[in-house]
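A.B. asks: Just a sequence and a predicted model for now, questions to come.
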Amino acid sequence: MTINFIKSDLIRYSGKVTIKEFVFHFFITPGFKYMFFFRICQGIKRRKLYIFYPFFRLILRHYSYKYGFDIPASTSIGYGFYIGHFGSLIIHSSAVIGNNCNISQCVTIGYSASPGKEGCPEIGDNVFIAPGAVIVGKIKVADDVAIGANSVVLNDCIEHKVYAGNPAKIVSDAGSKDYVIKKWEVVN
């Protein structure tokens, strides 16, 4: 299962799964390298191989500081996760992220303590989140949604729409189809 997660992430970066592409992206692409160790940590925990967990968790923490990704190893992230650029990416451990999602730099997906919205977001499949976007509170971002740069999302998002602004509002019916490419086909 861990192998499929790693393959799905590699597909999102290169479009194919080969040893050459794996080595290239492992050494050159910060997002792929971070997600590789993220997937390894989750796989070790799932298999209850706790003796190895501290070592890989330490490596993940190193890359967290190096690249500016704050994604706890317990975060639920689906297949084909793509991090566009490194720097200031913060995701709360209780957030849920679907399959084939693109997230850019300076994005915050976090917890809100405001009454009625207390909790963390649930992000659907094929979602594109542009740089500087903030998504907070117990809200649902539906499938095939694109969220514009520097948008602040405080309410649920309807599928196949583009949201922008502060607070975010629908600006287009195009959705994320032009932003999310090289998708991993999830087999149930």
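C.D. replies: Good, I have the coordinates. Numbering: from 1, shown residues only.
A.B. asks: Quick check: mean pLDDT of the longest helix seen in the chain?
C.D. replies: Longest helix in the chain, counting residues (DSSP state H): helix 30-46. Mean pLDDT, helix 30-46: 95.
A.B. asks: to the chain's geometric centre, what's the distance from whichever helix or strand comes after that helix?
C.D. replies: Later in the chain than helix 30-46, the nearest helix or strand by DSSP states H and E is helix 53-67. Its chain's average C-alpha position is 17 Å from that of helix 53-67, according to C-alpha atoms, centre = their mean, to the nearest Å.
A.B. asks: Buried ones in helix 53-67, by neighbour count?
C.D. replies: Neighbour-count burial for helix 53-67, counted by 16 or more other C-beta atoms under 10 Å, picks out 53, 56-57, 59-60, 63-64, 67. Using the backbone N, CA and C atoms, a C-beta is placed for each residue, glycine as well.
A.B. asks: just stretch 109-124 next, same as before
C.D. replies: Buried, per 16+ other C-beta under 10 Å, within stretch 109-124: 109-112, 119-124.
A.B. asks: ok, now stretch 85-94?
C.D. replies: Taking 16+ other C-beta under 10 Å as the criterion, stretch 85-94 shows 86, 89, 91-92, 94 as buried.
A.B. asks: Restrict stretch 32-49 to CA atoms and write it as PDB.
C.D. replies: Included here for stretch 32-49 are C-alpha records, laid out as PDB according to Å, rounded to 0.1, in the frame of the first residue of the first chain:
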ATOM      1  CA  PHE A  32       8.400  14.500  -3.700                       C
ATOM      2  CA  LYS A  33      11.300  13.800  -1.300                       C
ATOM      3  CA  TYR A  34       9.200  15.100   1.700                       C
ATOM      4  CA  MET A  35       6.200  13.000   0.700                       C
ATOM      5  CA  PHE A  36       8.400   9.900   0.200                       C
ATOM      6  CA  PHE A  37       9.400  10.000   3.900                       C
ATOM      7  CA  PHE A  38       5.900  11.000   4.900                       C
ATOM      8  CA  ARG A  39       4.500   7.900   3.200                       C
ATOM      9  CA  ILE A  40       7.300   5.700   4.700                       C
ATOM     10  CA  CYS A  41       6.400   7.000   8.200                       C
ATOM     11  CA  GLN A  42       2.700   6.300   7.700                       C
ATOM     12  CA  GLY A  43       3.500   2.800   6.300                       C
ATOM     13  CA  ILE A  44       5.800   1.900   9.200                       C
ATOM     14  CA  LYS A  45       3.100   3.100  11.700                       C
ATOM     15  CA  ARG A  46       0.400   1.100   9.900                       C
ATOM     16  CA  ARG A  47       2.500  -2.100  10.000                       C
ATOM     17  CA  LYS A  48       3.400  -1.400  13.700                       C
ATOM     18  CA  LEU A  49       7.100  -1.500  13.000                       C
END
